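> any chance you can model this:
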Amino acid sequence: MITAWQALEKGIVTGCIILAILFVMGMNLIIKAAAEKVEARRRHRSHGDYSSREARSRRSSRCLFRAKRFPSIVNNPIKCLGKWFDANLNDSNNIRRLQGQVKEGLGAIDKIRLPGKFKALLFQYGLLPRLTWPLIFYEVTKTTVKALERTISKFLRRWLAVPPSFTSRRERGGKWSESNAVEAAEIRLSHQDIVGTTCVGRQGLGTSHVLRWGTSDKAGKRKMVQDDIRKMEEEIRKAKVVEMGAQGAWTRWGTTDRRLSWSDIWRMEPCRIQFLLRSVYDLLPSPTNLHRWGLTETPDCPLCNRPGNLAHVLSGCNVVLTRGRYKWRHDKVLKELANILERERIKKRKPATSCTFINFVRGREGGHTSSTVHQGVSLTAHRTGR
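Residues are numbered from 1 along each chain as shown. Have a look, this model is predicted:
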């Protein structure tokens, strides 16, 4: 069985690689033959008669295929529809070309004398779109993609001043499978439909909107699967972090979660980002960490001779507290606010205009329409009927 015939008047079949190669080769032959014929006529325009020139032109066009005038695909690969084709008929050379493009692009961005966040911006909007297109065309293995990811992550960490101990990867017994993760998410969502909506705390019926797996459309199911996989990955990461004593201490904090968006990173300086990340994961050079890393002999605070951990350095040293170092920054902010309020207080303003009041009468008594200005209930209260 073959596919049905398709009526094509112009162009080539979209997606057929062989047909695209044949089309390029055919057009190349026609253009080369015409160019050779025109060049032969120009060269022999002033010599001999017309018949000899015509004969020479015909012989040159017949010998065109026997002569070595066309570049071979072995020496000169052909680029068609954004993809390179060579004599190997595989993507090994293209993958090596992609790896070289990644190294050259990152090296060129790294040499620019700009702050790190500008380099990250150049990578996101300049180099990354050029790398995404070859990854769509060529059959790149996961190992190669992970190697490219490690190379890119190395430069981004340096540009954004992220500590080298930070990583987004977690160790597993085997490779992560997308199909298995999607299948497990679908099973969990189907089981959630069977369990139904559960009440949490004092939450009443109908206070929250719950999406059902059975009644959702295709787009809704796709979003539910993505959210469930992201939730499970986050739970696995938190379970791994809880096992760490120092770096996982932030899980026991009673504060709200904070997510750094690209706009937040863009407004912050690299030193502030580095301090924020290191303080959350207890990687600052405190006396305790310096002693743990083998750089000092004692883990005590040099001011009060107590264990100088992160909490002690930031807000727990009594000597620093009595000297006013902790509240110096807050006092500066409050002083600025006080100055602004004082300037607004002493600013001269126009006196407020007097309000117009009316008299209320009983329902059975006759009233008059004239209004008087005196102390009483305001006109606004009369309009509201209160």
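> quick one: average pLDDT of whatever helix or strand Ala34 lives in?
Assigned by DSSP states H and E, Ala34 belongs to helix 17-43. What helix 17-43 shows for mean pLDDT is 70.
> just use 36 as the starting number from now, easier for me
Got it, the first residue is 36 from now on, which makes the last one we talked about helix 52-78.
> how is this structure carved up into domains?
52-119, 125-195 (automatic domain parsing).
> where among those is average confidence lowest?
domain 52-119 (a mean of 63).
> Leu292: how many residues sit nearby?
Small correction: residue 292 is Asp, not Leu. Using other Cβ atoms under 10 Å, Asp292 is surrounded by 5 other residues. In short, each C-beta sits where N, CA and C put it, glycine included.
> the strands in this structure, which residues?
Counting by DSSP state E, one finds strands in the chain at the ranges 113-115, 118-120.
> which helices and strands sit right next to the last one?
So that's strand 118-120. Judged by 3 or more Cβ pairs under 8 Å, 6 or more residues apart in numbering; DSSP states H and E, the packing partners of strand 118-120 are helix 52-78, strand 113-115, helix 127-145.
> okay if I get those as a markdown table plus distance to Gly289?
Shown next, in a markdown table, are the helices and strands packed on strand 118-120 (distance: least, Cβ to Cβ, whole Å):
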| stretch | distance to Gly289 |
| --- | --- |
| helix 52-78 | 60 |
| strand 113-115 | 59 |
| helix 127-145 | 41 |
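> and the ones you listed: which comes nearest His365?
helix 127-145 (39.6 Å; Cβ to Cβ).
> elements contacting that closest one?
Packed next to helix 127-145, using 3+ Cβ pairs under 8 Å, 6+ apart, are strand 118-120, helix 151-157, helix 163-172, helix 177-195.
> may I see the buried residues of stretch 112-125?
Judged by neighbour count using 16 or more other Cβ atoms under 10 Å, the buried positions of stretch 112-125 are 112, 118, 120-121.
> out of these, who's nearest Trp363?
Lys118 (62.1 Å).
> in this structure the closest one contacts Phe172, no?
Yes. Contact criterion Cβ atoms under 8 Å: Lys118 and Phe172 qualify, at 4.6 Å.
> coming back round to it: looking at the helices and strands packed on strand 118-120, which is buried most?
For these, average neighbour numbers computed from mean count of other Cβ atoms under 10 Å are highest in helix 127-145, which has a mean of 15.
> neighbouring contacts of it?
112, 118-119, 121, 154, 157-158, 161-162, 165-166, 169-170, 173, 175, 179, 182-183, 186-187, 190, 193-194 (Cβ atoms under 8 Å, 6 or more residues apart in numbering).
> switch to 10 Å and redo it
Under the criterion Cβ atoms under 10 Å, 6 or more residues apart in numbering, residues 112, 118-123, 126, 151, 153-158, 161-163, 165-166, 168-170, 172-176, 179, 182-183, 186-187, 189-191, 193-194 lie in contact with helix 127-145.
> that one vs helix 163-172, what angle?
170 degrees (axes from the mean of the first three to the mean of the last three Cα atoms, to 10 degrees).
> wait, what's in contact with Val355?
336, 338-339, 347-349, 361, 363.
> mind listing which of these are in helices?
Among these, the members found in helices (DSSP state H) are 347-349, 363.
> buried subset of those?
347-348.
> turn the ones in helices among the contacts of Val355 into a markdown table, columns for pLDDT and distance to Glu371.
Formatted as a markdown table, those follow (pLDDT from 0 to 100; distance: Cβ to Cβ, whole Å):
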| residue | pLDDT | distance to Glu371 |
| --- | --- | --- |
| His347 | 87 | 29 |
| Val348 | 86 | 26 |
| Leu349 | 82 | 23 |
| Trp363 | 83 | 13 |
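> tell me which of the ones in helices among the contacts of Val355 is nearest to Phe310?
Leu349 (10.9 Å).
> state whether the closest one and Ser314 are indeed in contact, as I suppose.
Yes. Using Cβ atoms under 10 Å, Leu349 is in contact with Ser314, at 7.5 Å.
> residues that sit against both of the two, list them.
Common neighbours of Leu349 and Ser314 (Cβ under 10 Å, 6+ apart) are Ser321.
> can you give me the pLDDT of the spatially closest residue to Gly343 that is not a sequence neighbour?
Spatial nearest neighbour of Gly343, chain neighbours left out: Pro322 (3.2 Å); criterion: Cβ to Cβ, 6 or more residues apart in numbering. Note on Pro322: pLDDT of 89.
> of the strands of the chain, which is nearest Ala219?
Nearest of the strands of the chain (Cβ to Cβ): strand 118-120, 35.6 Å.
> in the sheet, which strands lie alongside that closest one, parallel or antiparallel?
strand 113-115 (antiparallel) (DSSP bridges).
> from the chain's centroid, how far away is the strand it pairs with?
Offset of strand 113-115 from its chain centre (Cα atoms, centre = their mean, to the nearest Å): 32 Å.
> could you dump the strands of the chain to TSV with distance to Ala220?
Converted to TSV, these look like this (distance: least, Cβ to Cβ, whole Å):
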stretch	distance to Ala220
strand 113-115	39
strand 118-120	34
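> what's the closest of these to Lys253?
strand 118-120 (30.8 Å).
> chain center to the closest one: distance?
29 Å.
> same question, stretch 351-371
38 Å.
> flag every buried residue along that stretch.
351-352, 355.
> among the ones in helices among the contacts of Val355, which one lies nearest to Ala216?
The closest of the ones in helices among the contacts of Val355, once distances to Ala216 are taken by Cβ to Cβ, is Leu349, at 39.4 Å.
> list the contacts for that closest one?
Here Leu349 is in contact with 314, 319, 321, 355, 361 (criterion: Cβ under 10 Å, 6+ apart).
> can I get these in TSV including distance to Glu74?
Shown next, in TSV, are those (distance: Cβ to Cβ, whole Å):
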residue	distance to Glu74
Ser314	73
Leu319	74
Ser321	79
Val355	87
Tyr361	85
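> among those, which ones are in helices?
Per DSSP H, the contacts of Leu349 map to helices at 314, 355.
> any of the contacts of helix 127-145 buried? List them.
Buried among the contacts of helix 127-145 (16+ other Cβ under 10 Å): 112, 118, 120-121, 126, 151, 154-158, 162, 169, 173, 175, 179, 183, 187, 190-191, 194.
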